[in-house]
Structure formats: C-alpha cells, structure tokens
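Q: how would this look folded up:
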Amino acid sequence: MSKNVYWTLLQHDDWNLHLAATDNGLCYVGSQGASFEELAEWAEARLPGYELVRHDAEMERYTHEFTKYFQGSLDVFTLPLDLVGTDFQQRVWQAMSAVQYGSTAAYSDLAETIGRPQASRAVGAAVGANPLLIVLPCHRIVGKTGSMSGYRGGLPMKTALLELEQKRG
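A: The predicted model follows:
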C-alpha cells in the first residue's frame, strides 16, 4: 500500500470540487469552489504521513460517477470508500447514507436510527465532520422543522444539491 492520497479537481458545469482517494477508495470530497488548501488541511489532520499527489487518471472512476450525479443520471454512488472517523461518526455516516435521493431527514431521525435519541447534537457534529460530501448525503440532513442548517460546503451548496435531486426525484 502506498502512502499517497491521489486527488483531482472535478469541474462540471458550475461545480468545482476537489476529490481525493487512497488505494482503498474515495476519502474526501471538498466544498463547492473551495481552494486546494481545504483538502490539504483535512489530509494533514486526518492522514498524517500521507503525500498528496495529483493524479487525474487515477481519479477518473470517481469523477465519472460525480459527473453522472450532476447530470441527473446517478442517484446512488457505487465507489469504494475509505472513511476516516470514529466509531460514532461511522455509525452516523452509515445511517445518513440510508437517506434516499431526493428526500431529507432530521438530525433527530439519525439519532433515533443509531439508538441514541438524546444525542442529536453529537449526531450534528458527526454529520459536520463528514469527509465525503454528496456521497454520504449530509446535504439531505435538515433541522427538525425542515429548516436548512449548517453545511461544510455552505448553505448555497446544500440548497443546490437538494434542488438538483428534487428536480430529478
């Protein structure tokens, strides 16, 4: 196994996202329009000792699925993933991945799903630590009343993703 994190900049229509993967799978999806520094800071904190290597060809299988998603012809990602997070975060992310394309769920719904109904705030923190925007659909997680709440990529990105899915869904 190499100690490389391969990355590319996906550019499709108005979307500009940094994607990164280890030999095991996709490990990071950046915020819309964010600089390379967002990826570099994440990698330094989560994967110390790994080297970031731009490799557009290596990342092609990932960019292909994202392109299909943005075109509206893919609603479930099938990419291999390399998730870096605590056991609690992993449980939240797994529950979050069950939220269907074009629909939403509340933080409290996720807390119930993982058997921790009083842990909505901790669930919110885990959702906020999601390294795989779009693939693990944290944009589908909303406040109890359906209100838009925080999103690492910013509320305009969250809104755009929900609108994209609702258009097709």
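Q: When you work out contacts or count neighbours from here on, use the C-alpha atoms and nothing else.
A: Noted.
Q: residue ranges of the strands in this structure, please?
A: Ranges of strands in the chain, per DSSP state E, are 4-12, 15-22, 25-29, 51-54, 105-106, 141-142.
Q: what residue lies at the spatial centre of the chain?
A: Centroid-nearest residue in the chain: Leu133, 1.7 Å away (criterion: CA atoms, centre = their mean).
Q: For that one, which non-adjacent residue is spatially closest?
A: Val29 (5.4 Å; CA to CA, 6 or more residues apart in numbering).
Q: Check Arg152 too.
A: Gly128 (6.3 Å).
Q: State the distance from the one you found to Lys167.
A: Separation of Gly128 from Lys167 (CA to CA, to the nearest Å): 25 Å.
Q: follow-up on the earlier one: next, the contact list for the residue nearest to the centre of the chain, please.
A: Tyr28, Val29, Gly30, Ser31, His139, Gly153 (CA atoms under 8 Å, 6 or more residues apart in numbering).
Q: got JSON lines for those, with pLDDT and neighbour count too?
A: Shown next, in JSON lines, are the contacts of Leu133 (pLDDT from 0 to 100; neighbours: other CA atoms under 10 Å):
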{"residue": "Tyr28", "pLDDT": "97", "neighbour count": "25"}
{"residue": "Val29", "pLDDT": "98", "neighbour count": "24"}
{"residue": "Gly30", "pLDDT": "96", "neighbour count": "24"}
{"residue": "Ser31", "pLDDT": "96", "neighbour count": "24"}
{"residue": "His139", "pLDDT": "96", "neighbour count": "28"}
{"residue": "Gly153", "pLDDT": "89", "neighbour count": "18"}
